[in-house]
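**Student:** What follows is a predicted structure for the sequence shown.
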Amino acid sequence: MRARRERRRETSRPAPTIPPQYDAWTDFEQRTLGAQAGITRWLHVGETFVLIAVALILLATGILVAFDALHTLVTALGSLGASSTDPVISIAEDALLALILVELVRTLLIPSHGGALAVEPFLVVAIVAVVRKVILLPALDKGAGTGGGLISAQAAELLALAVVILILGSVLALLRRFRAVG
């Protein structure tokens, strides 16, 4: 019985009071923490606003690019007898650019839903951009002659772009593998 009373006394003791000389410091700390929380909140709101504004600009640009590709397609279908490959190249270029813009918009909206910016979407965008360059390089440089060296400048550029694609693809694969493990 006596042990119970002592335990009750121990648990019912009031919390220790802060000495008066530290009271002002505690008040200062509380005000500082409150100010930091307010500043952090406004920075978060500003960051979200900027991300959404940039995403809207990219989305509008993507829509314009898609309409341009559609216009080019309709125009190319109207002149079906022409043997020019320029409309096909333009449509492919616009489609890949629209894909890049959509992926960037999706990436920018991730933080507004509480997530953190991830590296993976940027790697995908980079791979699509390099593949776009590889696909369009031969079509755009069809007038370029061969150089006097061992390989032409166009072949060297295609080889360098292939190496970049392999590196980016390897990094993406490693990132996905380590994310699945961890």
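**Tutor:** Thanks, I have the structure now.

**Student:** Let me know the average pLDDT across the helix or strand hosting L97.
**Tutor:** In this structure, L97 sits in helix 86-109 according to DSSP states H and E. The average pLDDT for helix 86-109 rounds to 84.

**Student:** got the buried residues for that helix?
**Tutor:** If you call a residue buried by 16 or more other C-beta atoms under 10 Å, then helix 86-109 has these buried ones: 87, 89-94, 96-105, 107-108. All C-beta atoms are positioned from the backbone trio N, CA, C, and that covers glycine.

**Student:** How far away from the center of its chain is that helix?
**Tutor:** 15 Å (C-alpha atoms, centre = their mean, to the nearest Å).

**Student:** Quick check: the gap between the residue nearest to the spatial centre of the chain and F122.
**Tutor:** Nearest to the mean C-alpha position of the chain, by C-alpha atoms, centre = their mean, lies T107 at 4.0 Å. Distance of T107 to F122, computed by C-beta to C-beta, to the nearest Å: 7 Å.

**Student:** can you check A95 too?
**Tutor:** Taken as C-beta to C-beta, the span from A95 to F122 is 20 Å.

**Student:** follow-up on the earlier one: how about residues contacting the helix holding L97?
**Tutor:** For helix 86-109, the surrounding residues in contact (C-beta atoms under 8 Å, 6 or more residues apart in numbering) are 51-52, 54-55, 58-59, 61-62, 65-66, 68-69, 72-73, 75-76, 117-118, 121-122, 124-125, 128-129, 131-132, 135-136, 139-140.
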